[in-house]
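**Student:** Provided below are the primary sequence and the corresponding predicted coordinates.
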Amino acid sequence: MDESELFGIINTSNPADHAKALSFFEHLKNAPNGWLDCISAIRCRRYASTCQVVFFHLQVIEHHVKTRYAVSTENEREVIRSFLRDWPKIQLKHDGTPPEVYVSNKVAQISALVYVQDYPSRWPEYFDDLIAICDNCGTFLDHFLLVLLAIDGEIADRDIPRSAQELQRNTVIKDTMREKVVVQLVEFWYKILTMFNGLSSKTTKLCLEVIGKYIQWIDINLVANDRFVPVLVSNLCNHETREAAADCIHEVVSKGMDPIDKTKLVESFARVLGEAGVWLAFVQEPDEDYLCKLGKLYCVMGTNLIESYWKFSKSHPAQNVELKFILDAIEAKVPLLLQIFGNDCDDVSAMVLDFVRDYLHLIKSFREMSDANLKDFKASFLDVIIRKLRFDSSYDFNHEGEDEACFLEYRKQLKIIFDNLGLVDKNYLVSEVQKRLHYTTQTWNMLPFDEVEVSLLLFYYLGETVPTTMSGQWSAAEGQLNPIQLMMVQVMNSDIYMYQHSAVVLQYFETIIRYEKFFVCHPEYIVKGLSAFLKEKGLFHPDLKVRSRCCYLFSRFIKCIRGGITADLMQSIIDAIQPLLQIQTISADRKDALISRDDQLYLFEVIGVLIVSGESENQKKRELMTDILNLVLYPCRLGIEQLKTIKDPAQQDPIVEVVMQAIALTGRLSKAFSSQQTMKSLGCVPLFLEALSVFLQLLEIPIDESFTVQLQSSVRQYLHRLVVCLEEELLPYIPLASQALLKNCDCKSIQEYIPLINQVITKFKKEVVPFLKQMFTPMVQGVFTALQVPIEQNDLQAQRERQLLRRQYFQFIAAIVTNNVTDVLSAQDPNVLNEVMMTVIQGSVDFPDPVAQKACFSILKKLVELWAGPEGPDGFMDFMYKNIVPACFMAPLKISFDINDAQTLIALNEVANCLKSVLIKRKEEFIAFMITYLPTLKISPEKTQEFVNALQSDAKNFRSYLKTFFQQLKATGAFNS
């Protein structure tokens, strides 16, 4: 390839040249001497100033080192080593500047890959050679440090999964390094840090990063000593290197150690850093990034001290002097911990949350603190929590972005701290929240919004923080109100929901619904709660976010108080929310809608609950339900007529959306019915069946296929609801609905239809047999056809859909056999039945899908129970011995059948159940069969007898035995499937 073509690698504006250059480098990777050509090209420095080209040459060399270096000749390996030794001399660009970072990193990676293959046996002087090429030039030192980082990544990075062989290799390398070179390396690091102190921040930061990595597996005393620590502290006080130094010290403190030694180490650093004035940064330093690093360091110091206390208290519970030493060290950290926790910057505060949480856990378990100190401690932490929970002035409620999301996540962490404080003293926490809430409910209209919102939020948090004895037991008796009830009375007696800020309004509704049981004990507050929801501060709030959330909360409220709503109150509620019930017409501007379609579903559920659970007579309830259904079906009927004439998909789209919303709303109305208040007892069956007739008409209209699929999904969901609510009245509609839903008979439509028909089978059983007899053969033939449609090997979505269809098909067969409607199978043509049976055998053995296999063996077990006696169909006994029993052995012996996998183990248990069922039905006949069958699998007579004995034991023991049996059989390789 000539030079102009080679430079196509960086000419992304010309795809043809770029592709050609990439193809050339792929050719070099596979060519036996391609790596040599690349080394030669880099050595001659022809492309020294074009780092992209150099990088691709390095990728070819890296590929060679990964794939062929281990089997290379010694001369070939020496070429690579020589190249790595000379790299510092040949790396510079033509203008004398270092190469791009990604080039330097790639060379370091190659050097590390060679290192792990050659050290210590083939290249014992690796580090001598590496150090020898480093002089006082920072560029050379940077390369040396990058190589050390890459080596650590290869031998010590715990995030990278390793094979047992690699782990053993890495152990040998680290042991050799500890013995022969680590002292030399540490001395070199010290030299770098002292030599470049204040001169080259890049080199210094790299060196600090290397120390932080290596300290985890080298002797800590090489670094944590009077000679080295001052150098680290010096860099921590240097503006250019302080963040890297903080990270380095963090890693030093994090190293696993004996508890007492760890405490001494932490105290030593705490003292030295304090004397150097490092902690004053939390008062004087505006750089939040640096404060985050320091906060992270302080946090690990605290959490390691607490961990040391727990370890030492378990191993030496009687050594009180040492335990007090650790506890004193922890307590000394608390004042600064509170200062960092309360930092104005949430990111800085978040750095010490682990320390705060661990400390609260320690205090909860360690009760020797005086009452006065405990009170001050609790007050200090609660004060910080409350202050940090408040929204600041920069929070944008109208356009919540990344910063707002981070604050809400930070709030969740503060909630955990609040909960932990409650574990220390729940009574104190309840008392303080109650005082604050009392003040807020009295003066809310004079307080800033963030203070009001936090008072409600703290009360809301108590619902999870305090035990059920304080929040879960409700009493209406005077004088027996729990603290939560008393606070709810305060909230409900105030008009705090009238606050202008949406954050306060939202938190008000969230809070009263968290304690919804209050309204059952105190029905006198129901009207006040309804009034709050139905006024302009609730469902009609100017903020769409508030309106949306209130729809959901209102539905919960109505479900809770349904027993306390009078007929007049019900009518008032329906009248109040009437503007929100109108289905958005096809021509309406969506921006004018008060609530979304999803929110409207909650309100229709509210209407359903109000009507069904109200105190009106059934006739009145039926009339109300008729009115609301007519409201829903009118745009649906109008849409049907329009879809019959409109052919343009763009014009069909808004009509289909309205119709789908009508179907969803009708289904949501049905959720109000219960086993006590049934659809039939209220006389509403004809109403919902009429709606079904209307919806089925939609599926007959020839419209765009994508819209048909959407409508089928909506109707299918509605049918799921009707199966729950109706009885035999639904059966006449099942054939017509099935025909409409399976019109396409493709993989996805069948897969989504099967759960519906399974639900029908489970509920109606024998009543649905006539229909099942007719539809069974077309149904399974449709499944077979869909499974045979060719799909691309790399089409993962199609493969997932096929797997799901196969699973659903087996679930369909399982529904038939487990609900005792096997008359459906017996009535089929023998050839069809045999084909179905063989698919179940195939599913149990051939497809590596434990979910489907479990279903298949469950089917086979049930068929054995039903048909393995005198009442079974002709030929079943022969089928059982030739197919079912062998399948119980063929499947577990498959390589793909991983018995250690939890799902597969469930399938294996079903295999055991199937074999036990055969034994129960056929007794001695089956024992005799097994004695002759097992030897065909190359199983010894002794093992055969052992198996037969286990088969006759109880089910639990047999399942355990079967697992061991197949594990041993597969391990010996006596049988290869």
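**Tutor:** All right, it came through fine. All of these numbers come straight from a predicted model, not from anything done at the bench. Numbering: from 1, shown residues only.
**Student:** Contacts made by stretch 822-839 with the rest, please.
**Tutor:** If you take Cβ atoms under 8 Å, 6 or more residues apart in numbering as the criterion, stretch 822-839 is touched by 769, 772-773, 776-777, 780, 784, 809, 813, 816-817, 863, 866-867, 873, 879, 883. To be clear about C-beta, it is placed using only N, CA and C from the backbone, and glycine gets the same treatment.
**Student:** show me where pLDDT drops low in this structure?
**Tutor:** By pLDDT under 70, the low-scoring segments of the chain are 1-14, 93-96, 135-139, 198-199, 367-373, 467-479, 584-592, 973-977.
**Student:** Need the residue closest to the centroid of it.
**Tutor:** Nearest to the mean C-alpha position of the chain, by Cα atoms, centre = their mean, lies Glu409 at 15.8 Å.
**Student:** How much space separates that one from Asp347?
**Tutor:** 11 Å (Cβ to Cβ, to the nearest Å).
**Student:** Could I get the buried residue list for stretch 785-798?
**Tutor:** Using 16 or more other Cβ atoms under 10 Å as the test for burial, stretch 785-798 gives Ala786.
**Student:** what about it, how long is it end to end?
**Tutor:** 15 Å (Cα to Cα, to the nearest Å).
**Student:** go on, stretch 949-961?
**Tutor:** 10 Å.
**Student:** Touching it from outside, list them.
**Tutor:** 908-909, 912-913, 915-916, 919, 927, 930, 947, 962, 965.
**Student:** now do stretch 667-686
**Tutor:** 601-602, 604-605, 607-609, 611-613, 618-619, 621-622, 625, 628-629, 632, 688, 717-718, 721-722, 724-727, 729.
**Student:** Sort out which of the residues you listed are buried, if you could.
**Tutor:** Buried, going by 16+ other Cβ under 10 Å: 601-602, 604-605, 607-609, 611-613, 621-622, 625, 628-629, 632, 688, 718, 721-722, 725-726, out of the contacts of stretch 667-686.
**Student:** Return the subset of the contacts of stretch 667-686 lying in strands.
**Tutor:** Using DSSP state E, the subset of the contacts of stretch 667-686 located in strands is empty.
**Student:** Quick check: closest non-adjacent residue to Asn197.
**Tutor:** Ser234 (6.4 Å; Cβ to Cβ, 6 or more residues apart in numbering).
**Student:** What is the burial count for Met838?
**Tutor:** By other Cβ atoms under 10 Å, 12 other residues sit near Met838.
**Student:** Quick check: it vs Ser268, distance?
**Tutor:** 75 Å.
**Student:** cool, Thr645 as well?
**Tutor:** In terms of Cβ to Cβ, Thr645 sits 86 Å off from Ser268.
**Student:** Between those two, tell me which one has more neighbours.
**Tutor:** More neighbours surround Ser268 than the other of Thr645 and Ser268, with 14 against 7 (other Cβ under 10 Å).
**Student:** these two touch, right, that one and Val229?
**Tutor:** Yes: assessed by Cβ atoms under 8 Å, Ser268 is found in contact with Val229 at 7.5 Å.
**Student:** Run the chain-centre distance for stretch 411-428.
**Tutor:** 25 Å (Cα atoms, centre = their mean, to the nearest Å).
**Student:** Identify each buried residue in that stretch, please.
**Tutor:** 411, 413-415, 417-422, 424-426, 428.
**Student:** what's it in contact with?
**Tutor:** 350, 353, 356-357, 360-361, 363-364, 374-375, 378, 381-382, 385, 388-389, 429, 458, 461-462, 464-467, 470.
**Student:** go with 6 Å
**Tutor:** With Cβ atoms under 6 Å, 6 or more residues apart in numbering as the test, stretch 411-428 has contacts from 353, 356-357, 360, 363-364, 378, 381, 385, 388-389, 429, 461, 465-466.
**Student:** quick one: which of the residues you listed is most hemmed in?
**Tutor:** Val356 (27 neighbours).
**Student:** Now for that residue, which secondary structure element holds it?
**Tutor:** helix 353-365 (DSSP states H and E).
**Student:** Would you mind writing the CA trace of stretch 84-104 as PDB?
**Tutor:** Below are the C-alpha coordinates for stretch 84-104, written out as PDB (Å, rounded to 0.1, in the frame of the first residue of the first chain):
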ATOM      1  CA  LEU A  84      10.200  -1.800  23.700                       C
ATOM      2  CA  ARG A  85      13.700  -0.900  25.000                       C
ATOM      3  CA  ASP A  86      14.200   1.600  22.200                       C
ATOM      4  CA  TRP A  87      10.700   3.100  22.400                       C
ATOM      5  CA  PRO A  88      11.600   6.100  24.500                       C
ATOM      6  CA  LYS A  89      14.100   7.100  21.900                       C
ATOM      7  CA  ILE A  90      11.900   6.700  18.800                       C
ATOM      8  CA  GLN A  91       8.600   7.900  20.300                       C
ATOM      9  CA  LEU A  92       9.000  11.600  19.700                       C
ATOM     10  CA  LYS A  93       7.300  13.400  16.900                       C
ATOM     11  CA  HIS A  94       9.300  15.200  14.200                       C
ATOM     12  CA  ASP A  95       9.000  18.500  16.200                       C
ATOM     13  CA  GLY A  96      10.400  16.800  19.400                       C
ATOM     14  CA  THR A  97       7.100  16.600  21.200                       C
ATOM     15  CA  PRO A  98       5.800  13.400  22.800                       C
ATOM     16  CA  PRO A  99       3.200  11.300  21.000                       C
ATOM     17  CA  GLU A 100      -0.500  11.400  21.800                       C
ATOM     18  CA  VAL A 101      -1.600   9.800  25.000                       C
ATOM     19  CA  TYR A 102      -3.400   6.900  23.300                       C
ATOM     20  CA  VAL A 103      -0.200   6.000  21.500                       C
ATOM     21  CA  SER A 104       1.800   6.000  24.700                       C
END
